[in-house]
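Participant: Here's a sequence, model it:
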Amino acid sequence: MGFVRQCTPAGGGRDHDQPKAPVKVDDPGDRANDIGDALVVRRVIMTIAASVSDYLSHEGIRYDLLTHSNTQDSAHTAQTAHIPGDQLAKCVVLEDENGYLMAVLPASHRLDLRAVRDELNRSVELASERELVALFSDCEPGAIPPLAPAYGIEAVVDQSLGDLPDVYFEAGDHVSLVHVSGRDFLKLMSDAPHRYISHHL
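Facilitator: Numbering: from 1, shown residues only. Purely as a prediction, here's the structure:
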């Protein structure tokens, strides 16, 4: 896998129509100290969805980009990237008559849809694949970053993500992850309620 550290400046607006921002890794000697042997650095182009990049920049968040082999679900992503599933945040996009709602939970958990309905008093259902493609037009299908504010929609965050040293999440494709501190992830999701909305697999 490849790795590059990104130090994002404060400021900068969000533009959902921009293409993904490419990040090139050119130094094969660069290595992530905190990931260890799980990451083997190689020459690769990594991408991050423009909406995510803009939001991280706007909030002044420092982050790392990690690469891994192509995966199609969060459980395999955690295994391939050699990171704990409890620290890999994924999302399920729901909707009701009030609009869209992003439920954010660990990759090692399964969403409890009834708990979401009960906790928020909303009759939410799963959003359709067609709607997701339109909502997250700068992302590959099935690689939605769990940053609802970057896309202007509401969110609810599982309580188990509330006290972690590090959090990882999809950058917008199937080969890249964003790594932030647990404290910064909570800052990014500070407007979202935290509830018990999932069960450990």
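Participant: Going by C-alpha atoms from here, please, whenever you check contacts or count neighbours.
Facilitator: Will do.
Participant: Residues in contact with stretch 159-174: which ones?
Facilitator: When contacts are taken as C-alpha atoms under 8 Å, 6 or more residues apart in numbering, the neighbours of stretch 159-174 outside the stretch itself are 47-49, 52, 65, 69-72, 86-90, 105-106, 138-146, 176-183, 185-186, 194-197.
Participant: What's the ChimeraX line that selects buried ones from those?
Facilitator: Here is the ChimeraX command that selects only those of the contacts of stretch 159-174 that count as buried (16 or more other C-alpha atoms under 10 Å):
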select :47,48,49,52,65,71,86,87,88,89,90,105,106,138,139,141,142,143,144,145,146,176,177,178,179,180,181,182,185,186,194,195,196,197
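Participant: Sort out for me which of the contacts of stretch 159-174 are in helices.
Facilitator: V52, G182, R183, F185, L186 (DSSP state H).
Participant: Can you tell me which of these comes closest to R122?
Facilitator: Closest approach to R122 among these (C-alpha to C-alpha): L186, at 23.3 Å.
Participant: do you know how far the closest one is from E125?
Facilitator: Plainly put, L186 is 25 Å away from E125 if you go by C-alpha to C-alpha, to the nearest Å.
Participant: cool, and M189?
Facilitator: Distance, M189 to E125, using C-alpha to C-alpha: 22 Å.
Participant: quick one: which of those two has more around it?
Facilitator: M189 (19 against 15; other C-alpha atoms under 10 Å).
Participant: Hmm, P146 and that one touching each other?
Facilitator: No: with contact defined as C-alpha atoms under 8 Å, M189 does not count as touching P146 (9.4 Å).
Participant: Give me the neighbour count for G99.
Facilitator: Around G99 sit 10 other residues, with neighbours defined as other C-alpha under 10 Å.
Participant: Read off the pLDDT value for it.
Facilitator: Confidence per residue is given as pLDDT, and for G99 that number is 97.
Participant: Tell me the bridge partners for it.
Facilitator: In this entry, G99 is beta-bridged to D96, by DSSP bridges.
Participant: Strands of the chain, start to end?
Facilitator: 3-6, 21-25, 44-48, 63-67, 88-96, 99-106, 109-111, 125-126, 154-158, 166-170, 176-181, 194-195, 198-200 (DSSP state E).
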